[in-house]
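Chemist: the following comprises the amino acid sequence and a computationally predicted model.
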There are 4 protein chains.
Amino acid sequence: MQIGMMGLGRMGANMVRRLMKDGHECVVYDINPAAVAALASEGATGANALEDFVAKLSKPACVWLMLPAAITGRIADQVAGLMQPGDIIIDGGNSHYQDAVDIADRLAPKGISFVDVGTSGGVWGLDRGYCLMIGGPVAAVRHLDPIFASLAPGAEDGTAPSAGTAASGYLHCGPSGAGHFVKMIHNGIEYGMMAAYAEGLNILKAANAGKRKREADAETSPLKNPEYYQFDIDLAAVTEVWRHGSVIGSWLLDLTAGVLKEDPALAKFGGRVSDSGEGRWTLKAAIDTGVPAPVLSSALFDRFSSQGESEFADKLLSAMRFAFGGHVEKKKD
Amino acid sequence: MQIGMMGLGRMGANMVRRLMKDGHECVVYDINPAAVAALASEGATGANALEDFVAKLSKPACVWLMLPAAITGRIADQVAGLMQPGDIIIDGGNSHYQDAVDIADRLAPKGISFVDVGTSGGVWGLDRGYCLMIGGPVAAVRHLDPIFASLAPGAEDGTAPSAGTAASGYLHCGPSGAGHFVKMIHNGIEYGMMAAYAEGLNILKAANAGKRKREADAETSPLKNPEYYQFDIDLAAVTEVWRHGSVIGSWLLDLTAGVLKEDPALAKFGGRVSDSGEGRWTLKAAIDTGVPAPVLSSALFDRFSSQGESEFADKLLSAMRFAFGGHVEKKKD
Amino acid sequence: MQIGMMGLGRMGANMVRRLMKDGHECVVYDINPAAVAALASEGATGANALEDFVAKLSKPACVWLMLPAAITGRIADQVAGLMQPGDIIIDGGNSHYQDAVDIADRLAPKGISFVDVGTSGGVWGLDRGYCLMIGGPVAAVRHLDPIFASLAPGAEDGTAPSAGTAASGYLHCGPSGAGHFVKMIHNGIEYGMMAAYAEGLNILKAANAGKRKREADAETSPLKNPEYYQFDIDLAAVTEVWRHGSVIGSWLLDLTAGVLKEDPALAKFGGRVSDSGEGRWTLKAAIDTGVPAPVLSSALFDRFSSQGESEFADKLLSAMRFAFGGHVEKKKD
Amino acid sequence: MQIGMMGLGRMGANMVRRLMKDGHECVVYDINPAAVAALASEGATGANALEDFVAKLSKPACVWLMLPAAITGRIADQVAGLMQPGDIIIDGGNSHYQDAVDIADRLAPKGISFVDVGTSGGVWGLDRGYCLMIGGPVAAVRHLDPIFASLAPGAEDGTAPSAGTAASGYLHCGPSGAGHFVKMIHNGIEYGMMAAYAEGLNILKAANAGKRKREADAETSPLKNPEYYQFDIDLAAVTEVWRHGSVIGSWLLDLTAGVLKEDPALAKFGGRVSDSGEGRWTLKAAIDTGVPAPVLSSALFDRFSSQGESEFADKLLSAMRFAFGGHVEKKKD
């Protein structure tokens, strides 16, 4: 079937490619003409303006947005202004699910359906397929089924047929907003898992701490038993062995083992970890619903910390220590 | 080759079965004679006392212990008392790696090698194979290679041969203690991953919080926008869909999806989560080495809390609130 | 000067008393006529309906609201409907500062000033005075200065005069919302401090853990050195001694020592700790601004946990442990 | 009475001064002769070697050690080697309470009493008095009562006499180790309180985040409502106002307000926060006893993080994000 894709970044462009491979007709648009041209050269129909883009879609028009969360709402309204009743807007980005609820409420009186699709799979989705978490009106979701089926990985052998589309990698989770809600939680969990691996490996890396010299002053905590911290662990080998039969095997571990094999010192990275919103929203949902989320919040706050946002708090701690105990800050080793 | 297995619980018995399937000769012993008899009926050589057990082993005797951490050290010393120089004791249980360092130091002067093997795989290891993290002297580890190779899953297609035994699911991590150290961190990560899933799913379950009535008093935090919490999410379907193409796919997720499919209310469980030591030791290693582990500690402390150990602290909080603000505790709904 | 007080609960009634003691004229109203009658008998002017209440105030009318957060906005609008330009509404409750921003924006076009006053001091404020954190237009805040000065504790000896009103216990923090913002953070810190004491005392209470018997099975973490946990600590005496010269002396500690002296087992409390909103909002502000708040969030989440909200997550953890390792939940001791 | 003080740093020297002010005779020793000379010039009896120091003490000799934790045990043994049965060694430093238990056990057979005294009060103790948490044999503790009474702040008005010495600021908490155990927990709580203030003030500082420009890309979480983050809060004034009548008043807050008044930007500090051991030991005690301590651990881990120890973990997170999503790290603003 035909689909219009707007927003041809990493994710959007690859989704177009996966859809075309399965025979779907893709009309594409982006504010960057080069991105449009690239996909046009691969068989997509390019558009040079928003009006042109919507005009090129047959009815009911289906527009899939892959945009930064900060602008999705505004663009959805612009697209809707060019649409007719019966048309469908799909948001596949990392938008806040509450925006999806609001947008759906705004568009419903105009007869335009809004479908929010949480999309996981990253740069690997082109080959592996994307895991799709879908929210929206039943009719619109059903209409888009061929698109979802092509984007998703598809069922693997051995999956019980009773599992429905979930076993093929896509799921209608509920009304508008439910898709982004489930994707939001997915990313919250992702933060927690990533931090679990990162913390564990960081301790493993420190398993030789007993070999380092340590000052014996009042500002340094003594290491009582250095003889227990004499291990030089090969992190690449350890993450590789964990991939085979251990309880913590996962796709993230597969990637981590690959990363460590190629660049054991992670020299390419500085340690400033971005967060794109979904971890924050997960925590807000936990707060609103009164559900404890200490692990997910710890993972999020470590990212804030990596962005330098603990600095003033830490200065305050040093200032207090100086104020009550005359403790002078130690310099970096 | 021949191996003696002592401790025929869930893990020990299945490891014997997997070894026998691969043609190894197993001598088995347990304080529970029924456990010995069961494996004897499957082809193992049973022993009826520790002396008998060690006597039945040809030289160099290799004794694999699968025992609770609290008694491993004592039993290792007893076994060593019956051994000759050149013999090998393997500890495959969840012992503290520092005990492994200590035991190895005690046994080395007697010419007995101590090999610590962190073993992951749970009840599934019989079929999937066990992931083995090994510490100890090179010669002993090399001698036991056929045993490790049989217990481990073995290489899957596509693994680069340069990955060594790690790609087959077993790894010599370093000197005595290194195996249990790596397994300890493995379990610490496991706690964090499990908690990440559990917290995320708990929030997902609360996505319909806006449907519940809420009191408007000074002791209840208001839910400002109940319209955003109207989702009834099917957790079994969601965990199933995440298994296909998402970033958070993992073996733990596979199991979780299975659990939720079979018993969505988890009616069989009360929520008292045990911890068997390795999560605690991971944190102590983080503390000793000065490495931050907020996620792993949050996961551990939630388990303590589930065991009722927050109770006095919580009473204190209510008492303080009453003392400064006259706040009276609310009853359980 | 004259002030109208609406909401005569614990806080509101005592504030009226403190104001009358300083010679201010108080008009009072509450939906509970008994509360009105009680204060009328102490010298306040009672009102029997909202209209009557506002009518009894001379111009500019100043109405102070002490209401649950969930209804403050609605009541503020009702009161404003009975007011004239130049009148002032003060919100002294634990409302969300964003509501204060919104209400102020709604009332400004009508010429009505909205002043948000975060009020700390609890049931002790009547005698000690209340710490007031104030947001709103300069003119209205200045007009209310005599009221603030009477409610606040007043300057103690030795305070540098340059500290302004802060040294007397009240502070104009900024435009509308700033007062509740600062109070919100105040409560967030309060959660953290309370939890710090509660956790520490909980560990202190467990200092005799080595005297308890412990099972030696695979589901119980062993206590390696019970000889180090043989202390029976008198918590009431310890909190008392900390009050004198230690770094952790505080008013909360004073109260805690009093509580433990009177009821060392805290038998009156069940451990279900309420949270009334400001801790949640503090965390949301941390999330919005990207500032790490691991301590404040841990304190909040422990309260959620005490309310039973970890239950499903904990069942999931037990279910996973059973699924991968066949671990069966232990019963409560 | 007479007392020998060894270790004349910040704490030890001031304690000598406070004791001399109350008429006690002090014999002093330090490896730094200048420190000895300084106190000798104020009236203390100086010693130039350990033997000389102990020889100058009348019987029973009482030696108070104020040394870094890492060397206290070794020095205690050296001092004991020069002592007679009936003599007393006091450790007033921040040693691990388990060391105190061990040392006491080693010295008991020689008839030498070991008294561990947790000492809080910092550089202010000289004037305010020190809060003393004492462990050890009853007879020795009783013998030292005049020393403790002089070092402690002494009772303030209004303290119920039934509170015993606790109301004067010193307390015999239990057998050897109990004093350091209680001090350890004291410091654990201190970490938590300090972090509560620091986190809260850090959020308060960010209350103007809505005024900053924000990029709208997929790597930046959008700030949905910048209009709610427009406050420029005066942290010095806020901490001052909180000192008067609020629930979070404390001595630490008094110091913090002073610090912020003098240097609002904390320009003198870099934010590298030391930890000297007691926070770590508190957590280990929590782990050993199975008591949840999420707040105290978060406070400790933030310090580790401020020391740069999150770096490898954060690089791993960035590496994972690149691996699954092609996300490139953002540079520091």
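Modeler: Looks like it came in fine. Numbering: from 1, shown residues only, chains lettered A, B, ... in the order given.
Chemist: okay, and residue A:28 sits in which element?
Modeler: strand A:25-29 (DSSP states H and E).
Chemist: where's that strand relative to the chain centroid, distance-wise?
Modeler: With Cα atoms, centre = their mean, to the nearest Å as the basis, strand A:25-29 stands 24 Å off its chain's centre.
Chemist: for it, give me every contacting residue.
Modeler: For strand A:25-29, contacts defined as Cβ atoms under 8 Å, 6 or more residues apart in numbering or on different chains pick out A:1-6, A:8, A:16, A:19-20, A:36, A:39-40, A:43-50, A:52-53, A:56-57. Every residue, glycine included, has its C-beta placed from N, CA and C.
Chemist: please, where are all the strands along the stretch 1-150 of chain A?
Modeler: A:2-6, A:25-29, A:45-46, A:62-65, A:88-91, A:113-120, A:131-135 (DSSP state E, counting those that start in this stretch).
Chemist: export those strands as CSV, with columns for mean neighbour count and distance to residue D:192.
Modeler: CSV is the format used below for those (neighbours: other Cβ atoms under 10 Å in any protein chain shown; distance: least, Cβ to Cβ, whole Å):
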stretch, mean neighbour count, distance to residue D:192
strand A:2-6, 23, 49
strand A:25-29, 24, 53
strand A:45-46, 19, 59
strand A:62-65, 24, 45
strand A:88-91, 28, 42
strand A:113-120, 28, 37
strand A:131-135, 29, 38
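Chemist: just put those strands in CSV and tack on mean pLDDT and distance to residue B:187.
Modeler: Shown next, in CSV, are these (pLDDT from 0 to 100; distance: least, Cβ to Cβ, whole Å):
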stretch, mean pLDDT, distance to residue B:187
strand A:2-6, 98, 44
strand A:25-29, 98, 47
strand A:45-46, 98, 53
strand A:62-65, 98, 43
strand A:88-91, 98, 40
strand A:113-120, 97, 27
strand A:131-135, 98, 28
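Chemist: what's the neighbour count on residue A:55?
Modeler: Neighbours of residue A:55 under the rule other Cβ atoms under 10 Å in any protein chain shown: 12.
Chemist: now what about whatever helix or strand residue A:171 lives in, what contacts it?
Modeler: According to DSSP H and E, residue A:171 maps onto strand A:170-174. With contacts defined as Cβ under 8 Å, 6+ apart, strand A:170-174 is touched by A:131-136, A:138, A:141, A:148-149, A:151-152, A:164-165, A:179, A:181-182, B:231-234, B:237-238, B:240-241.
Chemist: go through the strands of the stretch 1-150 of chain A and name the closest to residue C:329.
Modeler: strand A:131-135 (31.3 Å; Cβ to Cβ).
Chemist: does chain B sit close to the closest one?
Modeler: Yes - using Cβ under 8 Å from any Cβ of the partner chain, strand A:131-135 comes into contact with chain B via A:131, A:132, A:133.
Chemist: can I get those residues in CSV with distance to residue B:123?
Modeler: Output for the residues of strand A:131-135 next to chain B, formatted as CSV (distance: Cβ to Cβ, whole Å):
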residue, distance to residue B:123
A:131, 28
A:132, 33
A:133, 31
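Chemist: and of these, the nearest to residue D:106?
Modeler: Nearest to residue D:106 among these, with distances taken as Cβ to Cβ, is residue A:131, at 62.0 Å.
Chemist: spit out the contact partners of that closest one.
Modeler: Residues in contact with residue A:131 (Cβ under 8 Å, 6+ apart) are A:119, A:120, A:121, A:152, A:153, A:169, A:170, B:241, B:242, B:244, B:245, B:246.
Chemist: lowest-confidence entry in these?
Modeler: Lowest pLDDT within the contacts of residue A:131 is found at residue A:121 (90).
Chemist: next, count neighbours for that one.
Modeler: Residue A:121: 29 neighbours (other Cβ under 10 Å).
Chemist: quick check: longest helix of chain A.
Modeler: Secondary structure of chain A per DSSP state H: the longest helix is helix A:178-205.
Chemist: so how far is that one off the chain centroid?
Modeler: 10 Å.
Chemist: try stretch A:4-19
Modeler: With Cα atoms, centre = their mean, you get 16 Å for stretch A:4-19.
Chemist: near chain B, anything from it?
Modeler: No - residues of stretch A:4-19 contacting chain B under Cβ under 8 Å from any Cβ: none, with a closest distance of 11.1 Å.
Chemist: what comes up buried for stretch A:69-84?
Modeler: For stretch A:69-84, burial by neighbour count (16 or more other Cβ atoms under 10 Å in any protein chain shown) applies to A:69, A:70, A:71, A:72, A:73, A:75, A:76, A:79, A:80, A:83.
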